[in-house]
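Q: this is a predicted model, with the sequence first.
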Amino acid sequence: MLYRVEGIVIRSMDYGEGNKIITLLTKTNGKLGVMVRGAKKVKSRHASLAQPFTYGEFVFFRNKGLGNLNHGEILESHHLLREQLDLSAYAAYMAELTDKTLQEDESGELLFEQLKAGFMAMQEDKDPQIISHLYEMRILDAAGYSPEFEFCVNCSSEQGPFRLSPHAGGVLCTRCARNDAGAIPMSEGAYKLLRLFSRMDLRRLGAIQVKPETKKELKKMMRELMDVHIGIPLKSRAFLDQMDKFSLE
């Protein structure tokens with residue numbers, strides 16, 4: 001059967017001497033694997049379509065299993081995401097996170113739109129760490145683990161200050177937090193941003209500037225949420241941690 005889909009390359013791996021297998025996050029068909037024959041050859045007309053983060057239209061034949069690329073057109077190469085180390089690291093993290101959490105053929109239209117918007121935002125010089133946290137929230141949503149930030153998840157109190165309880169799946173009031181040793185204190189700024197992240201569509205992201213100390217808080221809290229509810233080890237995240245370590249030295 002012939003398919004024509006809009007997709008983003010979230011993984012690209014060598015196969016044999018001259019081929020590549022790409023994993024696409026598509027707008028209409030979820031996550032798909034496609035063989036791109038000859039993609040490693042210098043004169044291949046499909047080589048650029050097999051590059052990580054490429055957004056394009058892909059035409060391929062597929063019965064069961066892998067598709068075989070017949071034709072394609074690049075709609076946005078996202079070359080900056082491959083050329084700049086920090087952007088490449090964050091884009092790789094978002095792509096790997098998508099690949100590891102979304103099942104084959106599972107509906108992924110919302111994540112497709114959010115990933116597409118996230119990659120464009122990074123190319124527009126918006127903060128890649130903030131973009132990655134927004135995308136993590138969308139991953140939590142898609143997995144059914146949307147955190148509750150409006151009221152205490154234990155007693156429903158709306159009276160702050162709150163602490164974040166990753167295991168409880170949201171915030172706890174001061175009284176309830178006494179019974180959760182893992183509850184994380186939050187500054188007012190970090191709490192407001194988490195509430196914003198929980199409902200923000202990446203397609204509507206404007207200019208946003210966050211203080212370094214607040215970004216450090218956000219990273220800690222989002223890491224805890226992702227570890228508790230997603231819990232998938234990612235090579236790309238380990239590389240991000242190495243980058244942070246070197247930037248502090």
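A: Perfect, I can see it now.
Q: residue 122: which element?
A: Element membership of residue 122 [criterion: DSSP states H and E] is helix 109-123.
Q: domain assignment for the chain?
A: For the chain, automatic domain parsing gives the domain ranges 2-77, 80-248.
Q: can you tell me the closest non-neighbouring residue to the most centrally placed residue in the chain?
A: The C-alpha lying nearest the average C-alpha coordinate of the chain belongs to residue 94 (Cα atoms, centre = their mean; 3.0 Å). Distance criterion Cβ to Cβ, 6 or more residues apart in numbering; nearest residue to residue 94, sequence neighbours excluded, is residue 135 at 5.2 Å. (Each C-beta comes from the backbone N, C-alpha and C, glycine too.)
Q: and residue 10, by the same measure?
A: residue 95 (4.0 Å).
Q: can you pull the phi/psi pair for the one you found?
A: Torsion angles at residue 95 (phi, psi; degrees, to the nearest 10) stand at phi -70, psi -50.
Q: cool, and residue 216?
A: The phi/psi pair for residue 216 (degrees, to the nearest 10) is phi -60, psi -40.
Q: tally of neighbours for it?
A: 14 (other Cβ atoms under 10 Å).
Q: contacting residues for it?
A: Listed by Cβ atoms under 8 Å, 6 or more residues apart in numbering, residue 216 has no contact partners.
Q: re earlier: who touches the next helix or strand after the helix holding residue 122?
A: Counting by DSSP H and E, the next helix or strand C-terminal to helix 109-123 is helix 128-143. Contacts to helix 128-143, defined as Cβ under 8 Å, 6+ apart, come from residues 86-87, 90-91, 93-94, 97-98, 101-102, 108, 110-111, 114-115, 118, 121-122, 146-147, 197-198, 200, 202, 205, 208, 210, 215, 218-219, 222, 225-226, 229-230.
Q: weed out the non-buried ones from those.
A: 87, 90-91, 93-94, 97-98, 101-102, 108, 111, 114-115, 118, 121-122, 146-147, 197-198, 200, 202, 205, 210, 215, 218-219, 222, 225-226, 229-230 (16 or more other Cβ atoms under 10 Å).
Q: all the helices of this protein, residue numbers only.
A: Under the criterion DSSP state H, helices of the chain are mapped to 79-83, 85-101, 109-123, 128-143, 174-177, 188-199, 212-229, 235-248.
Q: return the list of helices and strands in contact with the shortest one.
A: Same thing as helix 174-177. strand 162-165 (3 or more Cβ pairs under 8 Å, 6 or more residues apart in numbering; DSSP states H and E).
Q: identify all contacting residues around the strand it packs on.
A: The contact list for strand 162-165, computed with Cβ under 8 Å, 6+ apart, reads 147, 149, 152-153, 170-174, 177, 180, 182-186, 191, 194, 221, 224-225.
Q: need the longest strand for the chain.
A: Using DSSP state E, we find that the single longest strand of the chain is strand 2-15.
Q: what packs against it?
A: Counting contacts by 3+ Cβ pairs under 8 Å, 6+ apart, strand 2-15 packs against strand 19-26, strand 31-36, strand 55-61, strand 67-76, helix 85-101, helix 109-123.
Q: let me know which of those is the nearest to residue 3.
A: When the helices and strands packed on strand 2-15 are compared by Cβ to Cβ, strand 55-61 sits nearest residue 3, at 5.6 Å.
Q: for residue 202, see how far away the residue lying farthest from the centre of the chain is.
A: Computed with Cα atoms, centre = their mean, the residue of the chain farthest from its C-alpha average is residue 175, at 34.2 Å. Separation of residue 175 from residue 202 (Cβ to Cβ, to the nearest Å) stands at 35 Å.
Q: cool, residue 84 as well?
A: Per Cβ to Cβ, residue 84 is found 19 Å from residue 202.
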